[in-house]
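Visitor: Sharing a model prediction with you, sequence too.
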Amino acid sequence: MELKLDWHFKTFGELTTEELYQILRLRSEVFVVEQRCCFGDMDNKDQKSHHLSGYLNGRLVAFSRIVPPGVSYEYPSIGRIVVAAEGRGKGLGVELLHVSIEKLEMLYGKTIIRIGAQRYLKRFYESFHFIQSSEIYLEDNIEHIEMTRSGSI
């Protein structure tokens, strides 16, 4: 896969204050403002996670965090997966998930990955071999499902 974005992969402690600000701003723009969702984004998992930031022309347009096992689930997970509005429809979400899985496997090896996904993105995650592993549940008034990817893929 030819990468379109410039990727930075850092622990929480390695993030600069400017990078952290950009990450929190992007997450707020999409999860709070765009999705009209009032929720506590800062959940004390960021400090334990690795952060994957994708830049286009110096602007943060894609982000995810790699959460270690035992923090969100018994398995490692990918969370806060987000692409800025101006980056959608250009394959950046696909690139983000490919790189996220690659970085997770670099840290934890080929392992089971569990995510909490907005239900409308089920087919997107299925294209990466995730399968639904829970009933639908409401989180911040948005339908979600847990999805799991086998470590043997």
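Guide: Noted; the coordinates are in hand. Numbering: from 1, shown residues only.
Visitor: CA atoms for contacts and neighbours, from now on please.
Guide: Noted.
Visitor: Could you look up the SS state of F39?
Guide: Of the three states, F39 takes coil under DSSP: H, G, I helix; E, B strand; the rest coil.
Visitor: For burial, what's the neighbour tally of the residue lying closest to it once chain neighbours are set aside?
Guide: Leaving out its chain neighbours, the residue that sits closest to F39 by Cα to Cα, 6 or more residues apart in numbering is D140, at 6.6 Å. A count of nearby residues for D140, using other Cα atoms under 10 Å, gives 13.
Visitor: Show the contacting residues for D140.
Guide: 37-39 (Cα atoms under 8 Å, 6 or more residues apart in numbering).
Visitor: Identify, from those, the entry nearest to L56.
Guide: C37 (26.4 Å; Cα to Cα).
Visitor: so where's this protein shaky on pLDDT?
Guide: By pLDDT under 70, the chain contains no weakly predicted segment.
Visitor: which stretches of it form strands?
Guide: Assigned by DSSP state E, the chain shows strands spanning 6-11, 50-56, 59-67, 77-83, 113-118, 130-132, 137-139, 142-149.
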